[in-house]
Every structure is written in structure tokens, then in C-alpha cells.
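# Please work out how this folds:
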Amino acid sequence: MKAIWNNQVIAQSNETIVVEGNHYFPPESIDASFFEKSDLNTTCPYKGVASYYNVLVDGQKNKDAAWYYPSTKPAFDKISGYIAFWRGVSVVED
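Modelled structure (predicted):
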């Protein structure tokens, strides 16, 4: 799978985990040069507290376009630290 924004591949992996229709990418599969930590945190009653990244490509910022759970509730341990996308980031088969 590839995550693409602004015509740039920002993450790529053959080992994503699909939860609730979202592909979660392993942390080592993202190109960290396109990510900056966001101050946003939200809470999912099932998974736990999510943190966010802004995605930066060619001088453009997609605010809070990626999220991850630094520490999940036990039922979702498999995605702890994995990154998912929204807000116009396309996730397509490689």
C-alpha cells in the first residue's frame, strides 16, 4: 500500500493493518521528512488517545492528516504506533 498526498508518496508498506476501513502503516514505513507532530489529540472510546501529524509536501501543509495511537487499549495493541491517514491523503494499492 502507498499513502500519497500532493503527488508525493509519504508512506509505503506491504504490511498495513486494516481497522475500521483504515490502513494503518508501520511507523518505519513513513518518510519522516514529510511529517511534523501536531498538537491535536482525540479520544476513541475503543482504541484510546490518538495523536496527529501534519503532512508537509512542497511547501504545503495538510493539517492533522495522519493519526496514530502511541498507546492503545489492549484490544487494539496490534496498531499501537501505526499511522493512518485522512484529509485528502490517498491510500492505494502498490
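# who does Ile17 bridge with?
Here Ile17 sits in beta bridges with Tyr24, going by DSSP bridges.
# Look at Phe85 and say how many residues are nearby.
Neighbourhood size, Phe85 [other C-beta atoms under 10 Å]: 24. For the C-beta atoms, the positions are set from N, CA and C on the backbone; glycine is no exception.
# Quick check: which ranges of the chain have low pLDDT?
Along the chain, segments meeting pLDDT under 70 are nowhere present.
# And Lys2, how far from Glu93?
Look at Lys2 and Glu93: by C-beta to C-beta, to the nearest Å, they are 8 Å apart.
# now Ser71
Taking C-beta to C-beta, one finds Ser71 at 30 Å from Glu93.
# These two: which is more packed in?
Neighbours were counted for Ser71 and for Glu93 using other C-beta under 10 Å; Ser71 has more, 10 against 6.
# Does the more buried one touch Ser80 like I think?
Yes: the pair Ser71 and Ser80 qualifies as a contact (C-beta atoms under 8 Å) at a distance of 6.2 Å.
# Distance check, Tyr69 against Gly59.
Tyr69 sits at a distance of 29 Å from Gly59 (criterion: C-beta to C-beta).
# same thing with Ser80?
32 Å.
# same deal with Glu93?
29 Å.
# Over to Gln12?
Gln12 is 22 Å from Gly59, where distance means C-beta to C-beta.
# Give me the more crowded residue out of those two.
More crowded of Gln12 and Gly59, by other C-beta under 10 Å: Gln12, with 15 against 6.
# all strands of this structure, in order?
2-5, 8-12, 17-19, 22-24, 35-44, 48-57, 60-68, 83-85, 90-92 (DSSP state E).
# who does the last one touch, helix- and strand-wise?
Read it as strand 90-92. strand 2-5 (3 or more C-beta pairs under 8 Å, 6 or more residues apart in numbering; DSSP states H and E).
# what pairs with the strand it packs on, and is each one parallel or antiparallel?
strand 8-12 (antiparallel), strand 90-92 (antiparallel).
# Ok, which of those comes nearest Ala32?
Of all the strands paired with strand 2-5, the one in closest proximity to Ala32, counting by C-beta to C-beta, is strand 8-12 (9.6 Å).
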